[in-house]
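S.K.: Requesting a structural model of the entry that follows:
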Amino acid sequence: MIARLTVILALLVAMPLALSCPASGDDGKINADSGGSSSSNTVRESELSQETRLPLDRIKLPPGFTISIYAYPVPGARSLALSPKGALFIGTRDKSGKVYAAVDENADNAADRIYTIADGLFMPNGVAFRDGSLFVAEVNRVLRYDGIEGHLDGSVSPVVVCDKYPSETHHGWKFIRFGPDGSLYVPVGAPCNVCEKPDPYESITRLDVSDGEFSVIARGIRNTVGFDWDPLTGDLWFTDNGRDLLGDDVPPDELNHITKEGQHFGFPYYHGKSIKDPEYGDKAPQISFVPAAQELGPHVAALGMRFYSGSMFPEEYRNQILIAEHGSWNRSKPLGARVMLVGLDKNRRPSSYEIFAEGWQNADGSRWGRPVDVLVMPDGALLVSDDHAGAVYRIAYAGSQ
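M.R.: You can find the predicted model right below:
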C-alpha cells in the first residue's frame, strides 16, 4: 500500500496543472469601489523633524554608496514595479488594501507626489506593469488596470484577469513578475508552516493574461515573495522562506535556480541543500529534489530579489543578485532586516553571500525598518521598499571618495 501511494504521489507531482480563469474583457470588470482617488505630496528628508526623521545615518553601505528617501510616507510599502514613463507602483498587504503610485515629477531622484490608485483590495502585495496596464495580485485573483499612467487619480475600474487562485491568507499574498516570454508568473504559497498540499499550492505558476489560464511550472516551494530572470541565461531564480519551529538556526532560507520546467525544490520533505524534515522527510515521493543553489540565513525572511542590471554600480555588481531580507519574526536573536549580495561565478553558480546594506535593526534586536523588495532604476540606482517604516529608499553609487 505504501509503495503504491508513493507511485501515485510521484505521478501527481510530475503532472502539469492547467486552470482556467475568466478571460480578460468587459465581462471581467469589477465595481469601481475598489478604486482610490487621493494623492499627497511626498515628504522630503529635509522637511522631517528630528523626531520623525528616518535614521538613514545608521545604514551601513560599501564605500562610495549613499542612501536617501525616494518616497515617504508610503504605509506598508512592499512590492515595486516601474512603468516606462517613470511611475513607481507600490503594493501593500495590510488591511487598508491600498496600491500606490509614486511619481518623480522634476527628475531629481525623489518622488514629488504619491497617489493612492486603489484601496480596499485583498492584500494587494504584487504589482507588475506591461503594455500600458498595471497588474495587481490579490490573494485569490489578479486584476488589470488599463491606461493607468493617465489615470493615477484612481478613476480606472479594474478588469479581473483571473480569480481561481486559492483564498487562504497564510502565505497567500503574492509577488508577481512578467517573464521574458510575456507570461505573468504568480506563486502560490503553502497555507501552513509545513504541510503537504496539492497543486497549485507550494508552487510557481505561469499565467497567460490573454485568456486567464495558468499552469504550475515549479513545485516544492514554501513561500516565494521574490524572483527574477538571469539576464545572461534567461533562467528563473527565486527566494524561498524556510519553515519554522525547528530552532533558531534550522532551516535556512533559500535562493533557488530553475533550470527546467517541472522541477521540485523539496518542500515539505527537504530544506536547504539536504536537511530532511522530521515530520515529512520519510513521506517524500520517489522523485528528484533540487537543492538550494545558496543557503541564506535562517529565518531571515528573504523576499524581493533582482539581478543588478544597471551601469551605475561598480562592474563587480553587474549581473549579481541583490536580496531584501525582511528579518526573522520568532528567532530568539533576531536576524535579517538587511539587503544581501549573492555573487555568481562564471558558471552562474553562487560563490559568495554577504551583506550589502544593513542598519535597519538596532543592537537590541528591535527594528526601525524592514526591507521588502528591490528594484533597479533606469539610471542604475537601487530602490528598496520598507513596509515597517513606510518608505522607499534610493541607494546610489557616487564613486570612490
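S.K.: Next, give phi and psi for residue 148.
M.R.: Main-chain torsions, residue 148, degrees, to the nearest 10: phi -70, psi -30.
S.K.: what sits against the nearest residue to it once chain neighbours are set aside?
M.R.: Excluding the flanking residues, the one nearest residue 148 by C-beta to C-beta, 6 or more residues apart in numbering is residue 134, at 4.3 Å. Using the backbone N, CA and C atoms, a C-beta is placed for each residue, glycine as well. Residues in contact with residue 134 (C-beta atoms under 8 Å, 6 or more residues apart in numbering) are 81, 83, 89, 99, 117, 127-128, 144-145, 148.
S.K.: How much space separates residue 134 from residue 91?
M.R.: Using C-beta to C-beta, to the nearest Å, we find residue 134 at a distance of 10 Å from residue 91.
S.K.: which residues are in contact with both of those two?
M.R.: Joint contacts of residue 134 and residue 91 (C-beta under 8 Å, 6+ apart) are 99, 127.
S.K.: JSON lines please, covering the contacts of residue 134 and showing neighbour count, distance to residue 232 and secondary structure.
M.R.: Written out in JSON lines, the entries for those read as follows (neighbours: other C-beta atoms under 10 Å; distance: C-beta to C-beta, whole Å; DSSP: H, G, I helix; E, B strand; the rest coil):
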{"residue": "81", "neighbour count": "23", "distance to residue 232": "23", "secondary structure": "strand"}
{"residue": "83", "neighbour count": "17", "distance to residue 232": "26", "secondary structure": "coil"}
{"residue": "89", "neighbour count": "25", "distance to residue 232": "27", "secondary structure": "strand"}
{"residue": "99", "neighbour count": "30", "distance to residue 232": "32", "secondary structure": "strand"}
{"residue": "117", "neighbour count": "27", "distance to residue 232": "35", "secondary structure": "strand"}
{"residue": "127", "neighbour count": "27", "distance to residue 232": "26", "secondary structure": "strand"}
{"residue": "128", "neighbour count": "23", "distance to residue 232": "22", "secondary structure": "strand"}
{"residue": "144", "neighbour count": "22", "distance to residue 232": "31", "secondary structure": "strand"}
{"residue": "145", "neighbour count": "25", "distance to residue 232": "33", "secondary structure": "strand"}
{"residue": "148", "neighbour count": "26", "distance to residue 232": "32", "secondary structure": "helix"}
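S.K.: Closest one of these to residue 334?
M.R.: Residue 334 lies nearest to residue 127 out of the contacts of residue 134, by C-beta to C-beta, at 28.2 Å.
S.K.: okay but that closest one is in contact with residue 83, surely?
M.R.: No - assessed by C-beta atoms under 8 Å, residue 127 is found out of contact with residue 83, at 10.3 Å.
S.K.: Residues that sit against both of these two, list them.
M.R.: 89, 134.
S.K.: where does the chain dip in pLDDT?
M.R.: Along the chain, segments meeting pLDDT under 70 span 1-52, 400-401.
S.K.: What segments of it are helices?
M.R.: In the chain, the helices defined using DSSP state H lie at 2-14.
S.K.: in it, which strand has the most residues?
M.R.: In the chain, taking DSSP state E as the definition, the longest strand is strand 350-358.
S.K.: any idea how far that one is from the chain center?
M.R.: Between the centre of strand 350-358 and the centre of its host chain there is 18 Å, according to C-alpha atoms, centre = their mean, to the nearest Å.
S.K.: Good, we can wrap up now.
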